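Undergrad: no FASTA, just this:
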């Protein structure tokens, strides 16, 4: 018997802990849970009586008064043989009492915990204690530590099983965290706080990846129209219709850039012209139009950039490059292959290459393609080899060419196809940007004689392939300042012709490529070129720019070109100038910038070609990056004084005579310097949509446009004016890249229509590149101003344009596509998480303070292009229509970069009762706006309006069955009004989880009024609710944030509290005081009053009779002494006022 009694307290304590742990579950769970609690309670009552634990008997009495009064002692246990475990306490562990003491701010002891048994109680204790005893950061923007701890054990389903009083602090924290969460919280936290938009963002991060495929395949197979064959049919029209919703500019751009249909050849046959002459005239006109058609693919590649996810089982469709025409009125076909006129050989080679690049650039970087798919797209006929070469380059620019096996790369190169080699070398180099990859370095070195050993076998490498390989070396070693590479490239800028017959043609493009590659290798290093001081890089570049003697001589000079020992600056100046610009980019090095200053005397001006002045001005401004200002005054300040004083306005009507000064030299120098300064302005504010920069550039573009028809055009030269105008147009497009600016579009359309005179292939190329930049990626991309991006743009927008479609003398045409390396995804697309469709949303963008402006905030309507991320401090989705969302960029921008790179999808959630901006632009149709004129919004609320707030079927059914009035309501009208009011509050304030709490509190109070409460569980939960809202932590948070609002209705709880007080006070005055005295004297006899007595004891936290006896209350005669004695038990004053008449033996009530 003694051995059995040793374990009795242990078994009893475990049962007690299990019971308390299960009490943390909601009282209306499954029947098995209620039976378990009932069974444990009965066992504990009997065991407590057997063990003579009066404190435990009283504890169970307060919980289940009906059970305690019907139980008795079952057996007699000898207390002498009892061995109590170390965790046994004289006071029963009560989680509700512990939470109550915590809310009152009293001193609490650690709650008892048995591992593996009461884990649920531990979770509740830790969660509530962290919130109550923690600091303000628990529910501010730094709420994630608190929520992390909760989500480690809680889910929404677990929270629903907690009693409403226990769950209230946690729900309160969740409710206010829901208002302003951070965008990078993990998925579990977002699910817990009920933000489906954030949880889906964390889970998926990319909606439109699959949606764009769906949109592109809406039409059934075989139903493609002519428009679907132009290479622009996979654009996301749904998003573009939101960005440009008020006009048809997208359709106009698509019309301007299509090259798959015959052009219209409008030629009027004169009476004196024969039919043969008329046919020749139409073909000559078609040849002019074909110069424009061949320039279109580059712009189309910009427009469709990364807009398509190919199907791995199908080949990539490449639109046809149609160089035929249709002549009205009979719509007869006009062809260049008739033999009537001379057509340049291989005229469409590079146009086909650009067409292939444009098709390949449609493939998004996130597409799932592999080496086998790339090989699968290889054409079977040789006519499409040029397009496939461009396709390979495009895959490299998007990063997909890294998936191509090395064996396949060598197989392509050994074919000896020039275009394929160019596209492949540039593609693999772009894919390995800045990596110094040795395998790619060896691949490129084979095509560059200067990088081969002196004893190596001479290879017959085409000149254009060498140029591509040199640029490839610059890409692979970008920003590394690799000494050997820089030394070789520096020498290659000034490589003289020879030996013998080699290196005699198109030397300018090779020298330019060497200068660009050198600039890439040493990009932005400036004077910090470690280990290169003996190379004298700046001095050597200066010599290449202004002229001098060669330092090294070839043993075998050229047989064709006799330059002697002097440097040919016409060849070396462009590469050296741009190398200066890239090496000293943004360094603000004035000593180097002064070397690039335009000559200030007429004598020196005669030694510099006007187009070189453009490059010098551009390079100087890029070095003095911080000095660039978006104003006409700054642009004019770059013009030397001698030019400003002696030149005339561009659109002057009279031409003055000048005897001493050459007016032609001055005017040409003037326009090229202005063009160079404006181009630097475009680089400085690329993708910024800066209004001052745009207005400044627009002013000069207008001046150049007017000057084309002014008398000064004969002095400056139409070719020079067209070149400068093209540069201005590109600069304008850079500033507003991706925005679809209507003014620039109109200018591009005007230039598109010009096909005669000086308009050659190169000018058309520049104009349609500007159009492509304007709608870069269908409005999803803009341009970056990082060093790497500026280097890429210098290669792509080099301001010397080819004269004809096969012209690569001064600049390799393939480099025009390097703009992809500067494209930056910046379109933020709000997507409604419920409907899964793009929508409008108001966002607030906060800019960091800089030396030019203080920290500022601007409102934008998304979808919108964001500014460069390094300029931003934070982005906030603003209300009142959508839930607010904060994206903090002050520390890092990786999260937003990830969103933008995956399609820019930002999930947003519409608030209850609100309509989207598309459905209700002014906000007058929402339910909230309609009820604002009513004095009582809840009364104007109709059950059928619930669907405007929520689609939850439980809430819809609740409104259907409990909120609709019927005939002869009578006393039920009060209940219906109550249900309608709480339903209105819960759905409008986005807290439907509080509806059961409101109903439970109301029903419990009504049962208490009727005296039908047999258990005190619900009353205890109401007590916890009241104590939470009166707690110091909650009141402190409310005072620190007055706009925070209340989680529960401010009128509901006071009414419930007054009703409870009134019911208990009436019971106390109607004989309950006698029952209370007998309880305190441990002589309780009247069983009919025990339920109400238990309610009184629980609600007012009356101490146990044993505690009162041990507390020294004997002899107390006044209320002040009693108040002092009861301080140790944290009993509220309102409870003492009701106990005082009983304890002080005072017949007069002290209830206020």
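TA: Yep, that arrived. Every value quoted in this text rests on a predicted model; they were computed, and no experiment measured them. Residues are numbered from 1 along each chain as shown.
Undergrad: Every contact and neighbour count from this point should use C-alpha atoms.
TA: Will do.
Undergrad: Chain neighbours aside, what residue packs nearest to residue 1031?
TA: Of all residues not flanking residue 1031 in the chain, residue 103 sits nearest, at 5.5 Å (C-alpha to C-alpha, 6 or more residues apart in numbering).
Undergrad: any idea how far residue 883 is from the one you found?
TA: Residue 103 sits 31 Å away from residue 883 when distances are taken as C-alpha to C-alpha, to the nearest Å.
Undergrad: Looking at the two, which one has more neighbours?
TA: residue 103 (25 against 19; other C-alpha atoms under 10 Å).
Undergrad: Using the three-state scheme, assign the residue nearest to residue 1031.
TA: Following DSSP: H, G, I helix; E, B strand; the rest coil, the label given to residue 103 is helix.
Undergrad: For this protein, which segments are assigned as strands?
TA: 263-264, 325-327, 332-334, 781-783, 823-825, 827-832, 837-838, 841-847, 856-862, 864-865, 872-877, 885-888, 905-908 (DSSP state E).
Undergrad: from the ones you listed, which stretch is densest packed?
TA: Mean neighbour count (mean count of other C-alpha atoms under 10 Å) peaks for strand 781-783 among those, with a mean of 30.
Undergrad: Just the mean pLDDT for that strand, thanks.
TA: Averaged over strand 781-783, pLDDT sits at 97.
Undergrad: quick one: residue 807 from residue 470, how far?
TA: 19 Å.
Undergrad: related to what we said a few turns ago, which among the strands of the chain is found nearest to residue 957?
TA: Checking the strands of the chain against residue 957 by C-alpha to C-alpha gives strand 827-832 as the closest, at 25.2 Å.
Undergrad: Okay, now the sheet partners of that closest one, with direction.
TA: Sheet pairing for strand 827-832, assigned by DSSP bridges, gives strand 837-838 (antiparallel), strand 864-865 (antiparallel), strand 905-908 (parallel).
Undergrad: wait, which of those strands is closest to residue 677?
TA: strand 864-865 (26.0 Å).
Undergrad: rewinding a little: just the pLDDT for the residue nearest to residue 1031.
TA: The model's pLDDT for residue 103 equals 82.
Undergrad: looking at it, it is touching residue 1028, isn't it?
TA: Yes: between residue 103 and residue 1028 there is a contact under C-alpha atoms under 8 Å: 5.9 Å.
Undergrad: wait, what's in contact with residue 739?
TA: 689, 774, 775, 779, 782, 865 (C-alpha atoms under 8 Å, 6 or more residues apart in numbering).
Undergrad: Kindly apply the preceding question to residue 718 instead.
TA: Contacts of residue 718 (C-alpha under 8 Å, 6+ apart): 708, 758.
Undergrad: Compute the distance between it and residue 1098, please.
TA: Using C-alpha to C-alpha, residue 718 is found at 97 Å from residue 1098.
Undergrad: Ok, residue 189 next?
TA: Going from residue 189 to residue 1098 by C-alpha to C-alpha gives 35 Å.
Undergrad: Quick check on the two: which one has the bigger neighbour count.
TA: More crowded of residue 189 and residue 1098, by other C-alpha under 10 Å: residue 189, with 25 against 20.
Undergrad: Helix or strand with the lowest mean pLDDT in this structure?
TA: Sorting the helices and strands of the chain by mean pLDDT, DSSP states H and E puts helix 208-216 at the bottom, at a mean of 38.
Undergrad: Can you tell me what sits against stretch 574-585?
TA: When contacts are defined by C-alpha under 8 Å, 6+ apart, stretch 574-585 is touched by residues 493, 511-520, 522-527, 538, 541-542, 544-545, 596, 612, 615-616, 618-620, 622-625, 787, 791.
Undergrad: Swap in 7 Å and give it another go.
TA: By C-alpha atoms under 7 Å, 6 or more residues apart in numbering, the residues outside stretch 574-585 that reach it are 493, 511-516, 518-520, 522-526, 541, 544-545, 612, 615-616, 619-620, 622-623, 791.
Undergrad: likewise stretch 804-821?
TA: 347, 350, 397, 506, 508-509, 760-762, 789, 792-793, 795-797, 802.
Undergrad: What's the end-to-end length of it?
TA: End-to-end span of stretch 804-821 (C-alpha to C-alpha): 26 Å.
Undergrad: what about it, distance to the chain center?
TA: Distance of stretch 804-821 from the chain centroid (C-alpha atoms, centre = their mean, to the nearest Å) equals 33 Å.
Undergrad: What are the buried residues along that stretch?
TA: By neighbour count on 16 or more other C-alpha atoms under 10 Å, the buried set for stretch 804-821 is 805-821.
Undergrad: so where is the stretch 851-1000 of the chain shaky, pLDDT-wise?
TA: Scanning the stretch 851-1000 of the chain with the threshold set as pLDDT under 70 gives 925-944, 948, 967-971.
Undergrad: which residues in it form helices?
TA: Taking DSSP state H, counting those that start in this stretch, the helices of the stretch 851-1000 of the chain run over residues 894-901, 927-930, 937-940, 953-962, 972-988, 995-1010.
Undergrad: So for residue 115, which of those helices sits nearest?
TA: Using C-alpha to C-alpha, those put helix 995-1010 closest to residue 115, at 31.0 Å.
Undergrad: What lies in contact with the closest one?
TA: Helix 995-1010 is touched from outside by 164, 982, 983, 986, 1013, 1018, 1019, 1022, 1056, 1060, 1063, with contacts defined as C-alpha under 7 Å, 6+ apart.
Undergrad: Just give me the neighbour total for the last one.
TA: Right, the one you point to is residue 1063. 19.
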